[in-house]
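1. Below are the sequence and a predicted model; questions follow.
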Amino acid sequence: MAMSAAAPAAVKSSTNRWLQIVLGVACMVAAANIQYAWTLFVPEIQKTFGWDRAAIQVAFTIFVVVQTWLTPIEGYFIDKYGPSRVVLFGGLMTGLAWIINSYA
């Protein structure tokens, strides 16, 4: 009898994991769009402000460095505050980035 009670729990857990993967991919698409759409902003920034391309790319370089090299600090915050709070904060920051980019 214990086997039949454990089977539905395993199915629910498996479904929950797939939902997490799908939502994680959707979130990464939303966050990564800022990175991959950067090349669309460069010509407009160059035309509007008259800056050379190398000066504009410094901002992209800072973005990539911050995105990758701060991962150990992010891990510390996950250990300290829990993953749900850190993910919530990241989602809010991604939304803010979308809003700021919409003005560009």
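-> Ah, there it is. Here the structure is a predicted model, which is why all the values come from computation and not from measurement. Numbering: from 1, shown residues only.
2. When you work out contacts or count neighbours from here on, use the C-alpha atoms and nothing else.
-> Noted.
3. what residue is smack in the middle of this structure?
-> residue 31 (3.8 Å; Cα atoms, centre = their mean).
4. show me the contacts for it.
-> If you count contacts by Cα atoms under 8 Å, 6 or more residues apart in numbering, residue 31 has them with residue 94.
5. Can you name the element that comes right after the helix or strand of the chain with the lowest mean pLDDT?
-> Ranked by mean pLDDT, DSSP states H and E, the weakest helix or strand in the chain is helix 2-36, scoring a mean of 73. Per DSSP states H and E, the first helix or strand lying C-terminal to helix 2-36 is helix 38-49.
6. Quick check: the gap between the residue nearest to the centre of the chain and residue 49.
-> Per Cα to Cα, to the nearest Å, residue 31 is found 26 Å from residue 49.
7. Ok, residue 76 next?
-> Look at residue 76 and residue 49: by Cα to Cα, they are 39 Å apart.
8. So which of these two has more stuff around it?
-> The residue with more neighbours, out of residue 76 and residue 49, is residue 76; 11 against 8, by other Cα atoms under 10 Å.
9. just checking, what packs against the helix or strand that the more buried one is a member of?
-> Using DSSP H and E, the element containing residue 76 is helix 71-81. Helix 71-81 sits against helix 83-103, with contacts defined as 3 or more Cα pairs under 8 Å, 6 or more residues apart in numbering; DSSP states H and E.
10. For the helix it packs on, name the packing helices and strands.
-> helix 2-36, helix 71-81.
11. Among these, which comes closest to residue 57?
-> helix 2-36 (12.0 Å; Cα to Cα).
12. what does the helix holding residue 76 contact?
-> Residues contacting helix 71-81 (Cα under 8 Å, 6+ apart): 85, 86.
13. Return the angle between stretch directions for that helix and helix 83-103.
-> 130 degrees (axes from the mean of the first three to the mean of the last three Cα atoms, to 10 degrees).
14. mean confidence score for helix 71-81?
-> For helix 71-81, mean pLDDT rounds to 93.
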